[in-house]
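Colleague: sequence plus predicted model, see below.
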Amino acid sequence: MSEFLVSLLGERLVNSEKAEVDVQSLGAKLSLVGLFFGCSLNAPCKQFNASLCEFYIRFKKASEHKDNLEIVFISSDQDQKHWQDFLQEMPWPALPFKDRHKKMKLWNKYKVTSIPSLVFVDAATGKVVCRNGLLVVKDDPKGLEFPWGPKPFAEVVAGPLLRNNRQTTDSSSLEGHYVGVYFSAHWCPPCRSLTRVLVESYRAVKESGQKFEIVFVSADRSEESFKQYFSEMPWLAVPYSDEARRSRLNRLYGIQGIPTLILLDTEGHMITRQGRVEVLNDPECRLFPWHPRPVLELSESNAVQLHDGPCLVLFVDAEEEGELEPAKELIRPIAEKLMAKYKAKEEETPLLFFVAGEDDMSDSLRDYTNLPEAAPLLTILDMSARAKYVRDVEEITPAVVEQFVNDFLAEKLKPEPI
């Protein structure tokens, strides 16, 4: 275990007294590590840190699992004094301020998109145990549910569900259905826009004969807002008054922002977290139930995924529909191989794959990342790290792409700034 933690965190951490902490000394009993992503200048981070300190001190004092848990602070501070002052408030160690490369790797590995964020991971494997630790601290202040591992969807959602005609149905009615778990709120304009499209998609899928249901998990700020918003929806909802169940569903899927649409198969296993993108990209629902595709054509609706982590983007000289197919076929086997490898390890793939033609979206991306106008052009873009990797060769072959991907994953490529 200690060898894995060293590979994940490095050999040394630092504590509030500026002393080094040997990662291998964190304890043989350690089974869970909470990675606290935050910044001293962020008010919600400061507020959550106070709650986390109370939780941590209580857990270390009273829990029978006190030796099984450690927290590590992963800072996005740019100023060392601000970082050091914030660290003074923490009873746990942190990644060294200067180890920015390791910090960025962790941000990408665990798909952190907002702060504060607390991700609990298995100390022996690094696999995510719970993605939404903020709700753990809120819902389980005494740490009685340690280690907060995932439970089956059917167990978490269990209970009555509402229809907008005020009738109720039991969650057991979802058995054998594809299910969309829809996290949304009326106060959120992108949510309302997605809801209008999703209503049409829902009806189209139901009319095609598929067993499909959606469960709305509200993030509205009042029951009145919930009722007004839910009146527009033809599907089911967790009762607004059942805050505990809504919170457990948020925790189960590590929701960091809305709107989010999680798609589940008929056994309750996740198909994709990108239901929002899939619905917007496929208004006729031809690809339902929207299993992840190895290679995507870059578009306005899926460009948001460029911010989810490193992305390979192959730019080609294609203006007409269908001209991107040869490019997709070129990189599809490499993408499929990588997806299968990480699926077998029950981990998310570390790289998404796109092809981009000649259009306004591609032009905007080239301008934003300051890429040359060459085509074909093979790139890996890491927006969160503001880094790019470019392979400008006359002929792009499967061997060239695979070597580029392998070198990136092995950290053999030198990044250029975006």
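Modeller: Yep, that arrived.

Colleague: drop to CA atoms for contacts and neighbour counts, all remaining ones
Modeller: Fine.

Colleague: how close does the residue nearest to the spatial centre of the chain get to Met383?
Modeller: Note on the chain: the residue nearest the mean C-alpha position is Lys111, at 4.4 Å, using CA atoms, centre = their mean. Note on Lys111: its distance to Met383, by CA to CA, to the nearest Å, is 12 Å.

Colleague: swap in Asp317?
Modeller: 23 Å.

Colleague: tell me the residues that contact both of Lys111 and Met383, please.
Modeller: Gly309 (CA atoms under 8 Å, 6 or more residues apart in numbering).

Colleague: those helices in the stretch 301-418 of the chain, which residues are they?
Modeller: Assigned by DSSP state H, counting those that start in this stretch, the stretch 301-418 of the chain shows helices spanning 325-344, 360-369, 398-409.

Colleague: nearest to Pro259, of the ones you listed?
Modeller: Of all the helices of the stretch 301-418 of the chain, helix 360-369 sits nearest to Pro259, with 22.4 Å by CA to CA.

Colleague: show me where the stretch 1-150 of the chain has its helices.
Modeller: Using DSSP H, counting those that start in this stretch, helices in the stretch 1-150 of the chain cover 2-9, 43-62, 80-87, 100-109, 133-139.

Colleague: need those helices in CSV (columns: distance to Asp170 and mean pLDDT).
Modeller: Output for those, formatted as CSV (distance: least, CA to CA, whole Å; pLDDT from 0 to 100):
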stretch, distance to Asp170, mean pLDDT
helix 2-9, 43, 87
helix 43-62, 35, 97
helix 80-87, 47, 96
helix 100-109, 37, 90
helix 133-139, 24, 95
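
Colleague: got the ones you listed as TSV, with distance to Phe120 and mean neighbour count columns?
Modeller: As requested, the helices of the stretch 1-150 of the chain are exported to TSV (distance: least, CA to CA, whole Å; neighbours: other CA atoms under 10 Å):
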stretch	distance to Phe120	mean neighbour count
helix 2-9	13	16
helix 43-62	13	16
helix 80-87	20	16
helix 100-109	12	17
helix 133-139	7	19
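
Colleague: my read is Ser225 is in a strand, agree?
Modeller: No. Under the criterion used here (DSSP: H, G, I helix; E, B strand; the rest coil), Ser225 is helix, not part of a strand.

Colleague: please name the nearest non-neighbouring residue to it.
Modeller: His186 (6.6 Å; CA to CA, 6 or more residues apart in numbering).

Colleague: how much space separates the one you found from Gly257?
Modeller: His186 is 14 Å from Gly257, by CA to CA.

Colleague: what about these two, which has more around it?
Modeller: Ranked by neighbour count (other CA atoms under 10 Å), His186 and Gly257 place His186 first, with 20 against 10.

Colleague: next, the more buried one: phi, psi?
Modeller: Phi and psi for His186, reported as degrees, to the nearest 10, are phi -70, psi -30.

Colleague: my read: it touches Ser231, true?
Modeller: No. Look at His186 against Ser231 with CA atoms under 8 Å: they stay out of range, at 11.0 Å.

Colleague: lowest-confidence helix or strand of the chain?
Modeller: helix 2-9 (a mean of 87; mean pLDDT, DSSP states H and E).

Colleague: and that one with helix 100-109, angle?
Modeller: Here helix 2-9 points in a direction 100 degrees away from that of helix 100-109 (axes from the mean of the first three to the mean of the last three CA atoms, to 10 degrees).

Colleague: how about the contacts made by Thr369?
Modeller: 388, 418.

Colleague: find me the pLDDT at it, would you?
Modeller: Per-residue pLDDT puts Thr369 at 95.

Colleague: cool, and Asp392?
Modeller: 80.

Colleague: report how many residues lie close to it.
Modeller: 14.

Colleague: which one is it nearest to, not counting chain neighbours?
Modeller: In space, Asp392 is closest to Leu377, 5.6 Å off (CA to CA, 6+ apart).

Colleague: specify the beta-bridge partners of the one you found.
Modeller: Going by DSSP bridges, Leu377 is paired in beta bridges with Phe315.

Colleague: hmm, back to that, the residue nearest to the centre of the chain touches Gly309, doesn't it?
Modeller: Yes. Counting by CA under 8 Å, Lys111 touches Gly309, with 6.5 Å between them.

Colleague: can you pull the phi/psi pair for the residue nearest to the centre of the chain?
Modeller: Dihedral angles (degrees, to the nearest 10) for Lys111: phi 50, psi 50.

Colleague: ok, the residue nearest to Ser225 - contacts?
Modeller: With CA under 8 Å, 6+ apart, His186 has these contacts: 192, 220, 225-226, 229.

Colleague: where does the nearest residue to Gly133 once chain neighbours are set aside land on pLDDT?
Modeller: Counting by CA to CA, 6+ apart, Gly133 lies nearest to Leu118, which is 4.6 Å off, once chain neighbours are set aside. pLDDT, Leu118: 97.

Colleague: Leu118 reaches Leu134, doesn't it?
Modeller: Yes. With contact defined as CA under 8 Å, Leu118 reaches Leu134; the gap is 5.9 Å.

Colleague: return the set of buried residues in whichever strand or helix holds Cys191.
Modeller: Of the helices and strands defined by DSSP states H and E, Cys191 is found in helix 189-207. Of the residues in helix 189-207, 191-192, 194-195, 198, 200-202, 204-205 count as buried by neighbour count, 16 or more other CA atoms under 10 Å.

Colleague: same check on stretch 362-373?
Modeller: Result for stretch 362-373 [16+ other CA under 10 Å]: buried residues 362, 369, 371.

Colleague: do stretch 153-167 as well
Modeller: Buried residues in stretch 153-167, counted by 16+ other CA under 10 Å: 153, 156-157, 159-164.
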